[in-house]
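Student: give the three-dimensional model of this entry:
(chains A and B)
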Amino acid sequence: MFELGISNVGSVNVMTSDKGGLTNEQVADLAVDKIVSISDEAPAHIRQQANQFREHLKHVLYHYLLLARKEERGTIIQALQSSGHTEMAEYIRRL
Amino acid sequence: MAIAQAMCTSFKKELMLATHNFATNGNAFKLALYAEGGGGKSSTTATLGAATTAYTTTGEVANSGSYSAGGGVLAKVAPATSGTTAFTDFADISFTTATITAMGALIYNDTNGDKAVAVLDFSSNKTSTSGTFTVQFPTADASNAIIRIA
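Tutor: Okay, here's the model as predicted:
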């Protein structure tokens, strides 16, 4: 028998949350998993360096995700205040 | 095992029959979530694996939040090649404000008779409670993509 090819199914990662959406940290994890993949067969020092880069990247992403959510809330609060929904704006500000 | 990760055997044959088109303007593919141990709709349990040929409601999780029967439409990543490997992938999919416990998923062709593509085994029950249930697909490359033919 001649085997001309092999078919494979990749692995997925599942992330869940309770009573609300994913946290900034979870979203940062999802992003990092997409950006950095480290081969199990890579030399130890390369893996170590890649892991350090991965952690650094996660911190940067986390910071900017936090900022993005804060800025978006700011825009929503401003829009609500402008249209007279001050109570709703205050509620969102406290989230 | 009631849910076993596999590329469905019928899918391999159907590739040779040009049943599936993964081009970005091709067929619509969906992902449905399944439960084991009576967690599905009407306490049904999913049995999914290489022998699965089409989408089934048996063992599918109940409607909740943005999840409804049949699951969600997947955004396709156009098929590509790297070296001698051809691959295709999908963008991550999320179901929001949903209470779901799922052990696996089925990717199927919503355009062509709900024909099965692949079964995904989450290894353990994954639960969201009034929250987000996200399935993250691997990087679209020759080593990781969700569907690869080498």
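
Student: what about A:Glu90, distance to chain B?
Tutor: 23 Å (Cβ to the nearest Cβ, to the nearest Å). For the C-beta atoms, the positions are set from N, CA and C on the backbone; glycine is no exception.

Student: where does that residue fall, secondary structure wise?
Tutor: helix A:86-93 (DSSP states H and E).

Student: now that helix: average pLDDT?
Tutor: If you average the pLDDT over helix A:86-93, you get 93.

Student: ditto for stretch B:108-119
Tutor: pLDDT averaged over stretch B:108-119 gives 97.

Student: same check on stretch A:24-44?
Tutor: Here the average pLDDT along stretch A:24-44 is 90.

Student: how about that stretch and chain B, any contact?
Tutor: Yes - Stretch A:24-44 is in contact with chain B by Cβ under 8 Å from any Cβ of the partner chain, via A:Leu30, A:Asp33, A:Lys34, A:Ser37, A:Ser39.

Student: which ones are touching the residue nearest to B:Leu48 when sequence neighbours are not counted?
Tutor: Take B:Leu48 and drop its neighbours on the chain: the residue closest to it by Cβ to Cβ, 6 or more residues apart in numbering or on different chains is B:Val119, 4.4 Å away. Residues in contact with B:Val119 (Cβ atoms under 8 Å, 6 or more residues apart in numbering or on different chains) are A:9, B:3-6, B:8, B:48-50, B:52, B:104-107.

Student: now, which of those sits nearest B:Tyr34?
Tutor: Of all the contacts of B:Val119, B:Gly104 has the smallest distance to B:Tyr34: 5.1 Å, by Cβ to Cβ.

Student: what count of nearby residues applies to the closest one?
Tutor: Applying other Cβ atoms under 10 Å in any protein chain shown, we find 27 residues neighbouring B:Gly104.

Student: before we move on, what about A:Asp40?
Tutor: A:Asp40 - counted by other Cβ under 10 Å - has 5 other residues nearby.

Student: stretch B:46-61: end-to-end distance?
Tutor: 9 Å (Cα to Cα, to the nearest Å).

Student: ok, now stretch A:28-45?
Tutor: 24 Å.

Student: so which residues on chain B come close to chain A?
Tutor: Counting by Cβ under 8 Å from any Cβ, chain B sits next to chain A at B:5-7, B:12, B:89, B:92, B:96, B:100, B:102, B:105, B:118-120, B:122, B:126-139, B:143-150.

Student: most centrally placed residue in the chain?
Tutor: Answering for chain A, as no chain was given. In chain A, the centroid-proximal residue (Cα atoms, centre = their mean) is A:Val27; its distance is 2.0 Å.

Student: hmm, I had chain B in mind actually
Tutor: B:Ile107 (2.5 Å).
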